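**Q** Fold the following, please.
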Amino acid sequence: MIPTALSDDALAALAQLGFGQYEARAYCALLARSPMNGHEVAKASGVPASKIYDTLARLTEKGAVLIERGEPVTYAALAYEAVLEAARRKFQRAHDVAASTFASLPAMPDAGQVWSLRDRDSVLSAGNALIAGATHTVFAALWDGELSDLRLALEAAARRGCAVHVAIYGTATLDGPATYDLTLCGRSAVERLHGRRLSVIVADRERALVAEFHAGGSVEAISTANSVIGLLGIEYVKADVLGRLLIDEMGEARFEALRHDPGVVEALLRA
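**A** Residues are numbered from 1 along each chain as shown. Predicted coordinates for the structure are as follows:
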């Protein structure tokens, strides 16, 4: 039988390296005990007897299994270090060929398309890529819940010389970027938007990500290189920061009174 310690992590890793399910199970069984004949490998690995010899043949072609054509024919696993090194070289060669081929393709102009994103992981991945690609500036308005996943990219951008400005709706801190505490603004925004949270990232004044996180965990976002949306995003960040400074100057009580006054401001915020 395959050792329990190998059964999950090793099988999943081998699948990532191009091994089929039966191949991974047979190889792990042979790592645990070699040599074995085909019947023994099938029994130890759980691979159906009708499939074991085709599986072992493929492993032999991969260079992961050695075969001794005696009576009976027996099989042994090649040392895992050699198998992993061969897989690494194979994938590195494929990577190099793909990179070289793609680099020779003509650059496609970005016509400012707007792409929709509808899950949190995709939004965070797009945000990290946007920040990592910035060469001059990053403007962002972010909440604690997402900032933890974007922290490293933001700090790295500041270290490589980008001017990074981050409005933070929460208590998180960053090492390097200029940050602005908008905790109180965040509270009033969540109240006003019924639990929804708006986040913005703009890189180099044109590439933008705008995301709305809903109270139930769903998310709607757009990613674009449309410079108009980039400008709107930057002005949104600046307006929130300047608005907080004005509120601090006038005092929270005066602002709340103004916010709830049944006039123009209250009507605007309620709309």
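**Q** ranges for the strands of this protein?
**A** 36-37, 65-68, 74-77, 114-117, 137-143, 163-169, 178-181, 197-203, 207-213, 219-224 (DSSP state E).
**Q** Can I get the ones you listed in JSON lines including mean pLDDT?
**A** JSON lines is the format used below for those (pLDDT from 0 to 100):
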{"stretch": "strand 36-37", "mean pLDDT": "94"}
{"stretch": "strand 65-68", "mean pLDDT": "93"}
{"stretch": "strand 74-77", "mean pLDDT": "94"}
{"stretch": "strand 114-117", "mean pLDDT": "91"}
{"stretch": "strand 137-143", "mean pLDDT": "97"}
{"stretch": "strand 163-169", "mean pLDDT": "96"}
{"stretch": "strand 178-181", "mean pLDDT": "94"}
{"stretch": "strand 197-203", "mean pLDDT": "95"}
{"stretch": "strand 207-213", "mean pLDDT": "95"}
{"stretch": "strand 219-224", "mean pLDDT": "94"}
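**Q** Which of those strands sits closest to residue 104?
**A** Each of those has some distance to residue 104 by CB to CB; the shortest is strand 207-213, at 24.3 Å. Placement of C-beta: from N, CA and C, glycine included.
**Q** Dump the strands of the chain into JSON lines; add distance to residue 54 and mean neighbour count as well.
**A** Shown next, in JSON lines, are the strands of the chain (distance: least, CB to CB, whole Å; neighbours: other CB atoms under 10 Å):
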{"stretch": "strand 36-37", "distance to residue 54": "15", "mean neighbour count": "20"}
{"stretch": "strand 65-68", "distance to residue 54": "13", "mean neighbour count": "16"}
{"stretch": "strand 74-77", "distance to residue 54": "13", "mean neighbour count": "20"}
{"stretch": "strand 114-117", "distance to residue 54": "42", "mean neighbour count": "13"}
{"stretch": "strand 137-143", "distance to residue 54": "53", "mean neighbour count": "25"}
{"stretch": "strand 163-169", "distance to residue 54": "56", "mean neighbour count": "22"}
{"stretch": "strand 178-181", "distance to residue 54": "60", "mean neighbour count": "17"}
{"stretch": "strand 197-203", "distance to residue 54": "51", "mean neighbour count": "24"}
{"stretch": "strand 207-213", "distance to residue 54": "48", "mean neighbour count": "23"}
{"stretch": "strand 219-224", "distance to residue 54": "45", "mean neighbour count": "19"}
